[in-house]
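In: pasting the sequence and the predicted model now:
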2 protein chains.
Amino acid sequence: MVTRHTYDQELADLRQALLNMGKAVDQAIDEAVISLAQQDNELAHKVMDYDDEIDQMEIDIEDKCMVLIARQQPLARDLRIIGTGLKITTDLERMGDHAYDIAKIALAMNKQPLIKPLVDIPRMAQMSQKMLKDSLEAYTTLDITLAEQVCLNDDEVDNIYYQVFRELLTYMMEDPTTISQATQLIFVARYLERIADHATNIAEWTVYLVTGQRRRKK
Amino acid sequence: MVTRHTYDQELADLRQALLNMGKAVDQAIDEAVISLAQQDNELAHKVMDYDDEIDQMEIDIEDKCMVLIARQQPLARDLRIIGTGLKITTDLERMGDHAYDIAKIALAMNKQPLIKPLVDIPRMAQMSQKMLKDSLEAYTTLDITLAEQVCLNDDEVDNIYYQVFRELLTYMMEDPTTISQATQLIFVARYLERIADHATNIAEWTVYLVTGQRRRKK
């Protein structure tokens, strides 16, 4: 029989594994956007190679959750910790995929001169990364107020996304030579907007973990 | 104490709920692409409104999984049925979101004449929908061969996506008045390509359910 003490330790390990995965994803987003802005192909390759490790972290967390369920019949909040762990790791893995997608676009642009200095895209990245950190902080400390704040911040990222989208469309219309790159940059903006959505999901899972109440996800 | 018979019935109910959600998502994709191709705004609104019901199906399935874990300490394949249920419902919900996204684009195009008759996009939709149906069939009947076939089909959808992407870029470059619509259509193609990825995930979860072996997801 597993003692409560051991069990609590295993739940703490699960939480730590999610935090570690969050840090790895945060770094991947950071480096992906740097590889794009600075046209650093070596860094882009590094981000793409690292995606396998992020995927493995998801598998390890899922296995950990399954073992926890099998070893102890979890109830109430314990069960919600494990259930949300299984869900949050999916959100983190998708964020990692988007970092990979951005790095792939950095490579595809093949060091062509940027049609404009990147301002809004790094700003979207910073906002999304802050939402990721805050959502994991809220999850770890069961801070509903912080979780609610993350959900509010998502609207701001959405607004910048639509603004970037319209601006890049205008670029393309005014100068068709920018079409290929502008289309790629629209995708980058979309991926960052999705990263913010996934951080919002983590915040929503935190609300569920604490209250048992479900809300719609993104 | 829950009897094995009742428990088997509950697992069958879970499977049925996933199939029902799959059918709802399949219909949403179908109608979203029709609303786009036929510029049917009423149908687009219907798809968008229906997304709340798909989201509710996900919540109900997650609750069902949590209750099953709490009521009976599941082991081995039973545990994998519940664990994969929690994951597959996320994939289905994301497919539903993409149907919503496509319907939203149909509305945004605001009945502007299509820059070209849609051929590849409906074809991508049909292929992705077939992958969705096959993946759920494989999941229900534990048919690994069918699951592997779904994974193979994904490469074909990817290839059409890149072809559509390049074709639409060419349209934009040759005629800048097509830029706005072509950009939207590139997103539609991307959403369909992602729907195929999620079907592939369901197929991968089926392989895990049967064999206990994990593989990388999309």
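Out: In hand now; what should we look at? Numbers count the residues shown, from 1 in each chain, chains lettered A, B, ... in the order given.
In: for chain B, what's its nearest residue on chain A.
Out: A:Gln73 (4.4 Å; C-beta to the nearest C-beta). All C-beta spots, glycine's among them, are computed from the backbone N, C-alpha and C.
In: confirm for me that that residue is in contact with B:Leu75.
Out: No. A:Gln73 lies out of contact with B:Leu75 (C-beta atoms under 8 Å); the separation is 10.8 Å.
In: so what sits against both of these two?
Out: Residues touching both A:Gln73 and B:Leu75 by C-beta atoms under 8 Å, 6 or more residues apart in numbering or on different chains: none at all.
In: so where is chain A shaky, pLDDT-wise?
Out: A:1-2, A:216-218 (pLDDT under 70).
In: the residue nearest the centre of chain A: what's it in contact with?
Out: By C-alpha atoms, centre = their mean, chain A has its centre lying nearest to A:Met95, at 3.4 Å. Contact analysis of A:Met95 by C-beta under 8 Å, 6+ apart lists A:25, A:28-29, A:132, A:195, A:198-199.
In: switch the cut-off to 6 Å
Out: A:25, A:195, A:198 (C-beta atoms under 6 Å, 6 or more residues apart in numbering or on different chains).
In: how many other residues sit next to the residue of chain A closest to chain B?
Out: 14 (other C-beta atoms under 10 Å in any protein chain shown).
In: grab the nearest non-local neighbour of A:Thr211.
Out: Among residues not flanking A:Thr211 along the chain, A:Ile144 sits closest, at 7.3 Å (C-beta to C-beta, 6 or more residues apart in numbering or on different chains).
In: ok, that neighbour touching A:Leu209?
Out: No. The criterion here is C-beta atoms under 6 Å, and A:Ile144 misses it with A:Leu209 at 9.4 Å.
In: these two: which is more packed in?
Out: The residue with more neighbours, out of A:Ile144 and A:Leu209, is A:Leu209; 20 against 15, by other C-beta under 10 Å.
In: still on that earlier bit, just put the contacts of A:Met95 in TSV and tack on secondary structure, distance to chain B and neighbour count.
Out: Output for these, formatted as TSV (DSSP: H, G, I helix; E, B strand; the rest coil; distance: C-beta to the nearest C-beta, whole Å; neighbours: other C-beta atoms under 10 Å in any protein chain shown):
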residue	secondary structure	distance to chain B	neighbour count
A:Val25	helix	15	29
A:Ile195	helix	15	29
A:His198	helix	11	26
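In: ok, back up a step: in what helix or strand does the residue of chain A closest to chain B lie?
Out: Per DSSP states H and E, A:Gln73 falls between elements, in no helix or strand.
In: burial of A:Ala199, as a residue count?
Out: Neighbours around A:Ala199, by other C-beta under 10 Å: 32.
In: and the one helix or strand it maps to with helix B:179-211, angle?
Out: Counting by DSSP H and E, the element that carries A:Ala199 is helix A:179-211. Angle of helix A:179-211 versus helix B:179-211, following axes from the mean of the first three to the mean of the last three C-alpha atoms, to 10 degrees, is 50 degrees.
In: distance between helix A:179-211 and the chain's centre?
Out: Distance of helix A:179-211 from its chain centroid, counting by C-alpha atoms, centre = their mean, to the nearest Å, is 7 Å.
In: please apply the same query to stretch A:7-16.
Out: Taking mean C-alpha positions (C-alpha atoms, centre = their mean), stretch A:7-16 and its chain are 22 Å apart.
In: now stretch A:115-135
Out: On C-alpha atoms, centre = their mean, the centre of stretch A:115-135 falls 12 Å from that of its chain.
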